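In: Compute the structure for the input listed below.
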Amino acid sequence: MDQPAQQVDYSEYYQAMLEESEEYMDWLCQRLMRYGIVLQNMCSKKGQLKCENLLGLEIKYQKAYKATRNIWIEVREKKNLGIVDFVISGIYKCDNSWLLGCGDYQEFFLFTKKHLQRFHASLPPERTRLNNKNTGMGFLMSRSEAMEECERMFTFSG
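Out: This next block holds a predicted model:
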(Lines give C-alpha, C1' and ligand atoms only; values in the text may rest on other atoms or scores of the structure.)
Protein backbone atom coordinates (compact mmCIF):
# COMPACT_ATOMS: atom_id res chain seq x y z
CA MET A 1 0.00 0.00 0.00
CA ASP A 2 1.36 3.41 -0.96
CA GLN A 3 2.18 5.80 1.84
CA PRO A 4 0.68 9.30 1.59
CA ALA A 5 3.09 12.10 0.72
CA GLN A 6 4.81 13.41 3.82
CA GLN A 7 3.61 16.83 4.94
CA VAL A 8 6.47 18.75 6.48
CA ASP A 9 5.66 22.02 8.18
CA TYR A 10 8.35 24.58 7.51
CA SER A 11 6.33 27.52 8.86
CA GLU A 12 8.69 28.22 11.79
CA TYR A 13 11.74 27.89 9.54
CA TYR A 14 10.23 30.18 6.89
CA GLN A 15 9.22 32.74 9.52
CA ALA A 16 12.77 32.88 10.88
CA MET A 17 14.20 33.18 7.36
CA LEU A 18 11.66 35.90 6.52
CA GLU A 19 12.70 37.95 9.55
CA GLU A 20 16.40 37.62 8.64
CA SER A 21 15.64 38.58 5.05
CA GLU A 22 13.59 41.61 6.06
CA GLU A 23 16.37 42.83 8.38
CA TYR A 24 18.85 42.39 5.54
CA MET A 25 16.62 44.31 3.14
CA ASP A 26 16.34 47.21 5.59
CA TRP A 27 20.12 47.28 5.99
CA LEU A 28 20.71 46.97 2.24
CA CYS A 29 18.29 49.81 1.44
CA GLN A 30 20.34 52.11 3.66
CA ARG A 31 23.63 51.02 2.04
CA LEU A 32 22.39 51.31 -1.55
CA MET A 33 21.05 54.79 -0.80
CA ARG A 34 24.69 55.88 -0.48
CA TYR A 35 25.06 54.99 -4.19
CA GLY A 36 21.92 56.88 -5.16
CA ILE A 37 19.84 53.70 -5.47
CA VAL A 38 16.52 54.24 -3.74
CA LEU A 39 14.42 51.16 -3.03
CA GLN A 40 10.80 51.87 -2.22
CA ASN A 41 9.76 48.50 -0.82
CA MET A 42 6.26 47.12 -1.23
CA CYS A 43 4.95 46.12 2.19
CA SER A 44 1.59 44.40 1.63
CA LYS A 45 1.30 40.81 0.42
CA LYS A 46 -0.69 42.05 -2.57
CA GLY A 47 2.00 44.59 -3.42
CA GLN A 48 4.79 42.05 -3.03
CA LEU A 49 3.08 39.66 -5.44
CA LYS A 50 3.73 42.25 -8.16
CA CYS A 51 7.22 43.25 -7.08
CA GLU A 52 9.40 43.53 -4.01
CA ASN A 53 10.10 47.21 -4.60
CA LEU A 54 9.36 49.89 -7.17
CA LEU A 55 12.79 49.57 -8.81
CA GLY A 56 12.01 45.96 -9.76
CA LEU A 57 14.89 44.50 -7.74
CA GLU A 58 14.30 41.10 -6.14
CA ILE A 59 16.67 40.81 -3.16
CA LYS A 60 18.00 37.48 -1.90
CA TYR A 61 19.99 37.35 1.31
CA GLN A 62 22.68 34.71 0.95
CA LYS A 63 23.39 33.77 4.55
CA ALA A 64 25.86 31.01 3.61
CA TYR A 65 27.79 33.14 1.12
CA LYS A 66 30.58 34.13 3.53
CA ALA A 67 31.39 30.47 4.23
CA THR A 68 30.78 28.99 0.76
CA ARG A 69 31.51 31.88 -1.63
CA ASN A 70 28.60 30.56 -3.72
CA ILE A 71 25.32 32.21 -4.58
CA TRP A 72 22.14 30.14 -4.88
CA ILE A 73 19.96 31.13 -7.85
CA GLU A 74 16.47 29.62 -7.67
CA VAL A 75 14.52 28.60 -10.79
CA ARG A 76 11.64 26.49 -9.36
CA GLU A 77 10.00 26.00 -5.96
CA LYS A 78 7.32 24.21 -3.99
CA LYS A 79 5.99 25.29 -0.63
CA ASN A 80 5.54 21.82 0.85
CA LEU A 81 7.20 18.43 0.36
CA GLY A 82 3.74 16.90 -0.09
CA ILE A 83 3.32 18.79 -3.34
CA VAL A 84 4.73 16.83 -6.27
CA ASP A 85 5.23 19.55 -8.87
CA PHE A 86 7.54 22.51 -8.75
CA VAL A 87 6.37 25.88 -10.05
CA ILE A 88 8.43 28.49 -11.84
CA SER A 89 10.11 30.92 -9.47
CA GLY A 90 13.25 32.95 -9.00
CA ILE A 91 14.76 34.23 -12.23
CA TYR A 92 11.85 32.84 -14.29
CA LYS A 93 9.01 34.18 -12.13
CA CYS A 94 6.68 36.42 -14.09
CA ASP A 95 6.37 39.56 -12.01
CA ASN A 96 7.50 43.16 -12.29
CA SER A 97 11.06 42.47 -11.16
CA TRP A 98 13.75 42.60 -13.80
CA LEU A 99 16.76 42.66 -11.50
CA LEU A 100 18.04 40.14 -8.97
CA GLY A 101 20.38 41.14 -6.17
CA CYS A 102 22.17 38.48 -4.14
CA GLY A 103 24.62 38.84 -1.33
CA ASP A 104 25.39 39.30 2.31
CA TYR A 105 26.61 42.09 4.57
CA GLN A 106 30.00 42.30 2.81
CA GLU A 107 29.26 41.74 -0.89
CA PHE A 108 26.19 42.26 -3.06
CA PHE A 109 25.84 41.27 -6.72
CA LEU A 110 23.33 42.90 -9.05
CA PHE A 111 22.15 40.89 -12.08
CA THR A 112 19.46 41.28 -14.72
CA LYS A 113 17.06 38.34 -14.69
CA LYS A 114 17.35 38.00 -18.49
CA HIS A 115 21.13 37.63 -18.25
CA LEU A 116 20.80 35.00 -15.50
CA GLN A 117 18.27 33.12 -17.63
CA ARG A 118 20.77 33.02 -20.53
CA PHE A 119 23.55 31.97 -18.13
CA HIS A 120 21.35 29.19 -16.71
CA ALA A 121 20.48 27.98 -20.23
CA SER A 122 24.21 27.66 -20.99
CA LEU A 123 24.89 25.41 -17.97
CA PRO A 124 24.97 21.62 -18.17
CA PRO A 125 21.68 20.17 -16.83
CA GLU A 126 23.37 18.56 -13.82
CA ARG A 127 24.18 22.00 -12.38
CA THR A 128 20.46 22.53 -11.72
CA ARG A 129 19.66 20.67 -8.53
CA LEU A 130 17.46 20.54 -5.43
CA ASN A 131 18.16 22.77 -2.46
CA ASN A 132 18.89 21.26 0.96
CA LYS A 133 15.19 21.31 1.99
CA ASN A 134 14.01 19.77 -1.32
CA THR A 135 11.63 22.69 -1.72
CA GLY A 136 13.50 24.50 -4.48
CA MET A 137 15.54 23.90 -7.58
CA GLY A 138 18.33 26.10 -8.78
CA PHE A 139 22.04 26.36 -9.33
CA LEU A 140 25.07 27.54 -7.46
CA MET A 141 27.12 30.35 -8.93
CA SER A 142 30.66 30.73 -7.68
CA ARG A 143 31.97 34.12 -6.59
CA SER A 144 34.18 34.29 -9.69
CA GLU A 145 31.21 33.51 -11.95
CA ALA A 146 29.10 36.09 -10.12
CA MET A 147 31.81 38.73 -10.52
CA GLU A 148 31.99 37.99 -14.25
CA GLU A 149 28.24 37.80 -14.87
CA CYS A 150 26.89 40.58 -12.63
CA GLU A 151 26.01 44.05 -13.83
CA ARG A 152 27.52 45.54 -10.70
CA MET A 153 29.11 44.36 -7.48
CA PHE A 154 28.99 46.32 -4.25
CA THR A 155 31.46 45.81 -1.42
CA PHE A 156 30.43 47.04 2.03
CA SER A 157 32.46 47.67 5.12
CA GLY A 158 31.33 48.60 8.61
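
In: CA only for contacts and neighbour counts going forward, please
Out: Will do.

In: Please report the distance of the most centrally placed residue in the chain from Ala16.
Out: Central residue of the chain (CA atoms, centre = their mean): Lys60, 3.7 Å from the mean position. Separation of Lys60 from Ala16 (CA to CA, to the nearest Å) stands at 15 Å.

In: Would you state the strands of the protein in chain order?
Out: Counting by DSSP state E, residue ranges of the strands within the chain are 57-61, 70-77, 87-88, 99-103, 107-112, 129-130, 136-142, 152-155.

In: So for the helix ranked longest in the chain, what gets flagged as buried?
Out: Secondary structure of the chain per DSSP state H: the longest helix is helix 11-33. Of all the residues in helix 11-33, those buried under the rule 16 or more other CA atoms under 10 Å are 21, 24-25, 28, 31.

In: follow-up on the earlier one: so for Ile37, which of the strands of the chain sits nearest?
Out: Nearest to Ile37 among the strands of the chain is strand 57-61 (10.7 Å), distances taken as CA to CA.

In: What is that closest one packed up against?
Out: Under the contact criterion of 3 or more CA pairs under 8 Å, 6 or more residues apart in numbering; DSSP states H and E, strand 57-61 touches helix 11-33, strand 99-103.

In: which residues are in contact with it?
Out: Contacts to strand 57-61, defined as CA atoms under 8 Å, 6 or more residues apart in numbering, come from residues 21, 24-25, 51-52, 97-104.

In: Most neighbours among these, please name it.
Out: The residue in those with the most neighbours, by other CA atoms under 10 Å, is Gly103 (26 neighbours).

In: Name all residues that make contact with that residue.
Out: With the criterion set at CA under 8 Å, 6+ apart, Gly103 makes contact with 60-63, 65, 71, 109.

In: Could you do Ser97 as well?
Out: Going by CA under 8 Å, 6+ apart, Ser97 touches 50-52, 55-58.

In: Need the distance between the two termini of stretch 58-77.
Out: Distance between the two ends of stretch 58-77: 16 Å, counting by CA to CA.

In: Going by neighbour count, list what's buried in it.
Out: Going by neighbour count (16+ other CA under 10 Å), the buried part of stretch 58-77 is 58-63, 65, 70-77.

In: now swap in stretch 136-147 and tell me
Out: Of all the residues in stretch 136-147, those buried under the rule 16+ other CA under 10 Å are 136-141, 143, 146.

In: Of the buried residues of helix 11-33, just say which sits nearest to Arg127.
Out: When the buried residues of helix 11-33 are ranked by distance to Arg127 (CA to CA), Ser21 comes first, at 25.5 Å.
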